[in-house]
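In: structure, please.
(4 chains, ligands or ions: 2)
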Amino acid sequence: MMRDDLIEIAYLVAAFCFILGLRWLSSPRTARKGNLVAAVGMLIAIVATLVDGRVVGYTWIAIAAFVGGSIGALVARRVQMTAMPQLVALLNGLGGGAAALIAVSEYHVAGAAGEERLGAVLAVSVMFSAIVGSISFAGSLVAFGKLQELLPGRPITWPAQKLLNGLGAVVVLGLAAYASFNINDPLLWLAAVLALLLGVSAVLPIGGADMPVVIAFLNACTGLAAAATGFALGNSLLIIAGVLVGASGTLLTQLMSKAMNRSVANVLFGAFGGGGGSSSGVSASGEALPVLEISASDLAAQLVYARRVMIVPGYGLAVAQAQHPVRELADLLIERGVSVAFAIHPVAGRMPGHMNVLLAEADVPYDQLLEMEEANPDFPQTDIVLVIGANDVVNPAARDDENSPLYGMPILEVDNAENVIVFKRSMASGFAGVENMLFHDPKTRMLFGDARKSLTQLVQDVQAV
Amino acid sequence: MMRDDLIEIAYLVAAFCFILGLRWLSSPRTARKGNLVAAVGMLIAIVATLVDGRVVGYTWIAIAAFVGGSIGALVARRVQMTAMPQLVALLNGLGGGAAALIAVSEYHVAGAAGEERLGAVLAVSVMFSAIVGSISFAGSLVAFGKLQELLPGRPITWPAQKLLNGLGAVVVLGLAAYASFNINDPLLWLAAVLALLLGVSAVLPIGGADMPVVIAFLNACTGLAAAATGFALGNSLLIIAGVLVGASGTLLTQLMSKAMNRSVANVLFGAFGGGGGSSSGVSASGEALPVLEISASDLAAQLVYARRVMIVPGYGLAVAQAQHPVRELADLLIERGVSVAFAIHPVAGRMPGHMNVLLAEADVPYDQLLEMEEANPDFPQTDIVLVIGANDVVNPAARDDENSPLYGMPILEVDNAENVIVFKRSMASGFAGVENMLFHDPKTRMLFGDARKSLTQLVQDVQAV
Amino acid sequence: MSLITELVILVLAAWVGIEVISKVPQMLHTPLMSGTNAIHGVVIVGAILVLGAAAGGTVETICGIVAVAFGAANVVGGFVVTDRMLQMFRRRPEPPKENQG
Amino acid sequence: MSLITELVILVLAAWVGIEVISKVPQMLHTPLMSGTNAIHGVVIVGAILVLGAAAGGTVETICGIVAVAFGAANVVGGFVVTDRMLQMFRRRPEPPKENQG
Ligand SMILES: NC(=O)c1ccc[n+]([C@@H]2O[C@H](COP(=O)([O-])OP(=O)(O)OC[C@H]3O[C@@H](n4cnc5c(N)ncnc54)[C@H](OP(=O)(O)O)[C@@H]3O)[C@@H](O)[C@H]2O)c1
Ligand SMILES: NC(=O)c1ccc[n+]([C@@H]2O[C@H](COP(=O)([O-])OP(=O)(O)OC[C@H]3O[C@@H](n4cnc5c(N)ncnc54)[C@H](OP(=O)(O)O)[C@@H]3O)[C@@H](O)[C@H]2O)c1
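Out: Ligands and ions are numbered 1, 2, ... in the order given. Below is the predicted model of the structure:
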């Protein structure tokens, strides 16, 4: 009794730590402390659980936790910042898998205790966490595969896909309902396996560049599966933590869809777009529009005499891992008295806020980064904009062309600046597969080539000026 | 069982309505809807309670609710907007009284059931809500009396006041602790009566103009007493609602103290200031400083030729009930092409946000009202500032004079404007009892007289120009 | 409901309260005060339970009657006066005439 | 803990979550995602209960071992990588040199 109370109090403290940790994420100054507080909360929760009277054997727990924890730590320390989306997908899948496994064994325990059917609360929560956890596990692994390029990034489709997925969902739900009233392990296993397949076949048709939305969505799913586990175990900490994650995943999913000017349903069921930035390239009109180029050395000369330069990094910069040379360029220019800032579009990079992490890694101080709303009024006073591996987020069609699929998406209005330089490898279109008239604007010059190589060259040329 | 579940669900819905209602108070567009949602939540909670199986007799409930509700409705419909602080004090006292009465009868029930001592949770919650509820009841009534001028507004002090209050608090706590272990009605009654006396003697020494802080503080107390009642009855709705009110009262108490540059403790125990704006008047220095006056007709001529006029309303405007003539003046000037705005200091008026209510009552649209942070950068571009019944909130000593008790309080920096006109009845000081050098500034002109009369005259004169 | 569950609810509600209330603009602080005032009138729920369950006991009956009356006045008065205040808050009727910029 | 109490906690926690998370700036959305990821690793608590209580049953033992390992990897990996990201966010070291205004 006494011990159980202490455990409950420890769970309350842990929940408080989680909330406080998220609250402190609201400013980069306190964010790291916030993450630490959340981690301490987790430690408190785990220790409290270990002293729970129901826990009798520790050997397997120690082994499993050691193996899992070491792998987690190793991967987390090694991973490249550009591979963050994959890692988040992987970790998310693990959480979903754990939730599903707990549900499966809760079900087994109920059966072993001789029960024939589950109570209503237990039925709903166990089935929810088994199915949603499985979907989240399989879906996250597919997302991981696409992002890690183990699977093709383009949408993989097959005939009657939606119909088959719909049917699959109905079968899984039916099985789950039946299994609630007739406890029988293989039934639930079948349902879980079908849910895994469903997760795979739901994520395969989604394009690689939409994976961040999928991950945020599956993140919310894992959170809710954890909350359902909390209902099954009558554990308020799991409910609170799961719901916090559910809220976060939901908000991020909405935010990304909104920034891409698409509905969440369109992203998840639309089979939209290509492998992320490297597709199509065929001009919609077919006309030969003028394209003006510039060399790195000419650009270097222009840059050192500019008063104000704005850098717009995009997905291509992340792919090219060009964050270090871009930082070097910015420093060189600042040294020479040029005013330099970075303009960050909300969906630049591969996941929300990813561009900020990449630039932070390259030691760009975060107060040099402007959000879209801050940057847009600045472009008219800007001499040169460097658009590095960005495409859709600067496409004026989003503002001007009612027929464009991008129409209505908020963009960085770089065409208001004096000069625009675009760093990319070809005239290929970006993720949305839409032609970008900015490249044909008389004030635009193209600097073709891999962003990392171009920037390294440019840095040398600036040093030489 | 079934019915109890439904009641619990109704309580959950009610709690949700309360939170949503407060959330919608974040914008004047949704605020009224928010209040309505909260009221609907209350209705749901009351209906759910009425169908509770434990409720057997309805006659007395109906009579008491009808009488109480009618009086509440009547007073709320009749009250002048300037008397809002009194009304809030009164309503707050009623809530505190109700909480205390519930605690007293819970205690009685426990005794009647033959128990000899209260369990720990019940003891703490019953005693908390009996004592804090009683203090809140008595304290709020004293605050009401001061604001309604049934009691003198100045601090009423007597020898060894703090010592006596401290002793009283110790005795009350001791009694409560003893009564928890030895259930005996008269003991608790004695404790409650002493708590009432304590409430009276804690609020009497506080000056009339500090009453809003006292009310916000007692509001938080009543909220927490309600939450304690929730613990006693095992009712989560009371806990949630009580804590919401506790949070609100606490935040408002802090905010007001901060805007007055004093600590909460200083306000509650400081015996500070006078009856609110009508005290002292003796110049600190004794020197005869120059005071320049202006007549209403001269001012009228200046006003119609100004480009930009800012109006700073204060406590005196509320007392003089001059909100309607000031609105007329603003309309007249706007008609003539003068740009007019109102600058609202956070503690102008008699309670936080009170000035906004008064101006809203006089049909001033809320987008014409500037908060302090918005208004301050505008003064240098302002031709004429009309300071109407405000004093401390425009006192430059808060910015310039390190020895002033106001030093550090954020003010409206009207002395940055071209011309300052001050409407007041005399050279008396404001609430803080501090001389105001603004009145002797060469760019300041005084327009002596009751604000309502002066403004009515000014409106006539402007019409005549 | 165990004490600790009640504490969990308390902590969460306090957090929600602080987040939600810190979003209320200064302009609406008087209605905020009267509105929260009405909300603590929810003690009427407790008062009804006391009075409704009073098996004839004088103490409970008297305390209950007064508490219900107090609670009802608190609730009705608070919501009515808040509504009265809020209905007065209006935007400028016509499109802005540039009289303050 | 009754179902409805659990629902109360759910609603309050969801509300706190929405309020708190909508305050996180875009700049920190990637750490937010990895951080919340770590938080849902709290299912490890459930996994420990399953595995620790497993009275030799094969199903629970296997499920429990995998779930604890998954949960541990999720928790440790999530917090470590979030910390790695956040430690990189720095303000400009010297007082501003007016290179962006
Ligand atoms: N951040 C998110 O949260 C998120 C989530 C989901 C979807 N999205 C979508 O992703 C897109 C992001 O827009 P964006 O403007 O950043 O990217 P984008 O529109 O996809 O364009 C990226 C450009 O980078 C170029 N590029 C690729 N590799 C490069 C390399 N090594 N060196 C130089 N250039 C290279 C590509 O052109 P070349 O092939 O010619 O080089 C391509 O045009 C948006 O459509 C957005 O909706 C973002
Ligand atoms: N709003 C809140 O939440 C709150 C709460 C607690 C305390 N306070 C305190 O209250 C004060 C408010 O500052 P304030 O500048 O608004 O007021 P103030 O400093 O108290 O000054 C009010 C002025 O109005 C004048 N006045 C009074 N009746 C008048 C009438 N009928 N016609 C014309 N003038 C009249 C008085 O001068 P004459 O007597 O010469 O006419 C007095 O100087 C601050 O010190 C603040 O700290 C405010």
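In: flag every residue of the stretch 101-250 of chain A that's near chain D.
Out: A:101-102, A:104-106, A:108-109, A:112, A:121, A:185, A:215-216, A:219, A:222-223, A:225-227, A:229-249 (Cβ under 8 Å from any Cβ of the partner chain). Quick note: C-beta positions are derived from backbone N, CA and C, even for glycine.
In: and those residues, which are buried?
Out: A:101-102, A:104-106, A:108-109, A:215-216, A:219, A:222-223, A:225-227, A:229-249 (16 or more other Cβ atoms under 10 Å in any protein chain shown).
In: among these, which are in helices?
Out: Under the assignment DSSP state H, those contribute A:101-102, A:104-106, A:108-109, A:215-216, A:219, A:222-223, A:225-227, A:229-233, A:236-249 to helices.
In: so the residue of chain C found nearest ligand 1 is in which element?
Out: Scanning chain C for proximity to ligand 1 using Cβ to the nearest ligand atom identifies C:Glu19 as nearest, at 26.0 Å. Assessed by DSSP states H and E, C:Glu19 sits inside helix C:3-21.
In: so how far is that helix from its chain's centroid?
Out: Chain-centre distance of helix C:3-21: 16 Å, with Cα atoms, centre = their mean, to the nearest Å.
In: and stretch A:343-360, by the same measure?
Out: Taking mean C-alpha positions (Cα atoms, centre = their mean), stretch A:343-360 and its chain are 11 Å apart.
In: got it, and stretch C:33-53?
Out: 9 Å.
In: shaky segments in the chain?
Out: This is for chain A. Where chain A drops to pLDDT under 70, the residues are A:1, A:271-288.
In: meant chain C, my bad for not saying
Out: C:54-56, C:92-101.
In: from the buried ones among the residues of the stretch 101-250 of chain A next to chain D, which are also near chain C?
Out: A:236, A:240.
In: what distance do you get for the residue nearest the centre of chain A to chain B?
Out: For chain A, the residue nearest the mean C-alpha position is A:Pro212 (3.4 Å; Cα atoms, centre = their mean). According to Cβ to the nearest Cβ, to the nearest Å, A:Pro212 and chain B sit 29 Å apart.
In: identify the residues contacting that residue.
Out: With contact set as Cβ atoms under 8 Å, 6 or more residues apart in numbering or on different chains, A:Pro212 has these partners: A:85, A:256, A:350-352, A:354.
In: ok, now A:Gly133?
Out: A:Gly133 sits next to A:96-101, A:103, A:222, A:225 when contact means Cβ under 8 Å, 6+ apart.
In: with A:Asp401 instead?
Out: A:Asp401 makes contact with A:Tyr407 under the criterion Cβ under 8 Å, 6+ apart.
In: spatially central residue in chain C, please.
Out: Geometric middle of chain C (Cα atoms, centre = their mean) lands on C:Ile39, at 1.5 Å.
In: what ranges do the strands span in chain C?
Out: For chain C, no strands are identified by DSSP state E.
In: for it, longest helix please?
Out: Longest helix of chain C, by residue count under DSSP H: helix C:58-86.
In: count of residues packed around the one residue in the stretch 351-465 of chain A that gets nearest to chain C?
Out: Of all residues in the stretch 351-465 of chain A, A:Pro377 sits closest to chain C, at 17.5 Å by Cβ to the nearest Cβ. Neighbours of A:Pro377 under the rule other Cβ atoms under 10 Å in any protein chain shown: 11.
In: now it, what's its secondary structure?
Out: Secondary structure for A:Pro377, judged by DSSP: H, G, I helix; E, B strand; the rest coil, is helix.
In: distance of it from ligand 1?
Out: 20 Å (Cβ to the nearest ligand atom, to the nearest Å).
In: list the contacts of A:Thr30.
Out: Applying Cβ under 8 Å, 6+ apart, the residues near A:Thr30 are A:Trp24.
In: next, the buried residues of the strand or helix carrying it.
Out: Assigned by DSSP H and E, A:Thr30 belongs to helix A:28-50. By neighbour count on 16+ other Cβ under 10 Å, the buried set for helix A:28-50 is A:28, A:30-32, A:34-42, A:44-46, A:48-50.
In: and A:Val309, that's in a strand?
Out: Yes - according to three-state DSSP, A:Val309 belongs to a strand.
In: I'd say it and A:Gln381 touch.
Out: No - with contact defined as Cβ atoms under 8 Å, A:Val309 and A:Gln381 do not form a contacting pair (11.4 Å).
In: of the two, who's got more company?
Out: Between A:Val309 and A:Gln381, A:Val309 has the larger neighbour count (other Cβ under 10 Å), namely 24 against 13.
In: so what's the residue of the stretch 51-200 of chain A found nearest ligand 2 up against?
Out: With Cβ to the nearest ligand atom as the measure, A:Val88 is the residue of the stretch 51-200 of chain A nearest to ligand 2, at 47.7 Å. Applying Cβ under 8 Å, 6+ apart, we find A:Val88 in contact with A:215, A:219, A:351, D:30, D:33-34, D:37.
In: tell me the helix or strand right after whatever helix or strand it lives in.
Out: Element membership for A:Val88, per DSSP H and E: helix A:84-112. As assigned by DSSP H and E, the chain's next helix or strand after helix A:84-112 is helix A:120-147.
In: and that next one, what's buried?
Out: A:122-147.
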